[in-house]
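Enquirer: have a look at this fold, sequence not included:
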């Protein structure tokens, strides 16, 4: 009954997490002149050595997983709202909810595995 | 086109009689124009001259009762509050408010809106029922506390906001701007303690979550109420409530009766209460 209050609050919280972590990502990618510490190999932030160096860091691995979780929840909840506004039948709403939940969990598990696996490069 | 130079005005009215018509249809009428004429005046003229069976709702003729909400030249407005001259057109196009079923001609079926309104308990809820039902004195409320909800009390339930709302147009579960605005009006009232009672509806699918803040409800409100703002404030209240950061409101206490006051000489006693 009160699910929407809970989901909306988490939607806002996920938005804040995205703001922080995406901001960090943008800063690392585009302010490399002053944030060189995240690019130990020098050169461009997306050079292979820099990407691998960041992937090996536990802090970055955690941030990737947190950003992935927040982005998936924020995006899929938004998609759910858009689909619900098409006024589907109740059974279809339930199906949409389950499909998005399972899809989101699947992507989260895959992304988390990728973030952890990248540490062994 | 100058309204002052008009001698005639055309009315294009969407007609529908469920006992006769399969679908709504447009009919055109011409009536003499008199300076200062409102759309409602024109409807009466159409009824008098051309279509005696034309149906609509109206009552007060001064923008207070909220009965004559209709779609006038593409915008939900009160017919009594809209001058033909301000439409800046020789043709007045009138249709029933969208987002509602049509009872007949310009009469929308507003029962679904009032069902949603009723579900949100638009009245002061207090635990001291005895005091509410048989008041011994006024409830104390400061001017500052009054300001928190005053503008939302101007709502006349004309349904113009509901007709303009793009979310209500597609989502039958959404309560809509009027019921949500009125729920916020009472939640913000310092005399009210009904937040918990309204929460089961507000926190669910019928709550303010589907609002995209298009703001059309506030734009069309003939009384200058801002339901879109009420909905955003309500979202904030509900989020704070979920996070347990909402300040619990203690409903206003009964104001103490003045003491040490003596009646000046020559001022008669008030008449006995009749109710």
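Expert: Looks like it arrived, so ask away. Quick caveat: nothing in here was measured; it's all calculated off a predicted structure.

Enquirer: mind listing what's buried in stretch A:46-60?
Expert: Neighbour-count burial for stretch A:46-60, counted by 16 or more other C-beta atoms under 10 Å in any protein chain shown, picks out A:50-51, A:53-55, A:60. For glycine as for every other residue, the C-beta is placed from the backbone atoms N, C-alpha and C.

Enquirer: ok, now stretch A:12-21?
Expert: A:12, A:14, A:17-18, A:21.

Enquirer: likewise stretch B:176-196?
Expert: Residues B:176-195 are the ones in stretch B:176-196 that count as buried (16+ other C-beta under 10 Å).

Enquirer: wait, does it make contact with chain A?
Expert: No - contact of stretch B:176-196 with chain A (C-beta under 8 Å from any C-beta of the partner chain) is absent, the minimum separation being 11.4 Å.

Enquirer: distance between that stretch and the chain's centre?
Expert: 14 Å (C-alpha atoms, centre = their mean, to the nearest Å).

Enquirer: likewise stretch B:267-275?
Expert: Worked out by C-alpha atoms, centre = their mean, stretch B:267-275 lies 35 Å from the chain centre.

Enquirer: pull up the distance across that stretch, start to finish.
Expert: For stretch B:267-275, the first-to-last residue distance is 23 Å (C-alpha to C-alpha, to the nearest Å).

Enquirer: tell me which helix or strand residue 103 sits in.
Expert: No chain in the question, so chain A it is. In the assignment (DSSP states H and E), residue A:103 maps to helix A:90-117.

Enquirer: think we crossed wires, I meant chain B
Expert: Short version, using DSSP H and E: residue B:103 is in strand B:102-104.

Enquirer: ok, and which of the buried residues of stretch A:12-21 reach chain B?
Expert: With C-beta under 8 Å from any C-beta as the criterion, the buried residues of stretch A:12-21 include residue A:12 near chain B.

Enquirer: so which of the buried residues of stretch A:12-21 belong to helices?
Expert: Under the assignment DSSP state H, those contribute A:12, A:14, A:17-18, A:21 to helices.

Enquirer: burial of residue B:104, as a residue count?
Expert: 19 (other C-beta atoms under 10 Å in any protein chain shown).

Enquirer: my guess is it contacts residue B:20, does it?
Expert: No - the criterion here is C-beta atoms under 8 Å, and residue B:104 misses it with residue B:20 at 9.8 Å.

Enquirer: show me the domain layout of chain B.
Expert: B:3-108, B:111-242 (automatic domain parsing).

Enquirer: let me know which of the ones you listed is tucked in deepest.
Expert: Of all the domains of chain B, domain B:111-242 has the most neighbours on average by mean count of other C-beta atoms under 10 Å in any protein chain shown, namely a mean of 19.

Enquirer: so how far is that domain off the chain centroid?
Expert: For domain B:111-242, the distance to the chain centre is 11 Å (C-alpha atoms, centre = their mean).

Enquirer: measure it end to end?
Expert: OK, domain B:111-242 end separation, C-alpha to C-alpha: 32 Å.

Enquirer: of the ones in helices among the buried residues of stretch A:12-21, just say which sits nearest to residue B:255.
Expert: Taking C-beta to C-beta as the measure, residue B:255 lies nearest residue A:12 of those, at 38.9 Å.

Enquirer: one step back: return the subset of the buried residues of stretch A:46-60 lying in strands.
Expert: Residues of the buried residues of stretch A:46-60 located in strands (DSSP state E): none.

Enquirer: turn those into JSON lines, including distance to residue B:232 and pLDDT.
Expert: Shown next, in JSON lines, are the buried residues of stretch A:46-60 (distance: C-beta to C-beta, whole Å; pLDDT from 0 to 100):
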{"residue": "A:50", "distance to residue B:232": "43", "pLDDT": "90"}
{"residue": "A:51", "distance to residue B:232": "41", "pLDDT": "90"}
{"residue": "A:53", "distance to residue B:232": "44", "pLDDT": "90"}
{"residue": "A:54", "distance to residue B:232": "39", "pLDDT": "90"}
{"residue": "A:55", "distance to residue B:232": "41", "pLDDT": "90"}
{"residue": "A:60", "distance to residue B:232": "36", "pLDDT": "93"}
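
Enquirer: now, among those, which is nearest to residue A:113?
Expert: residue A:55 (13.0 Å).
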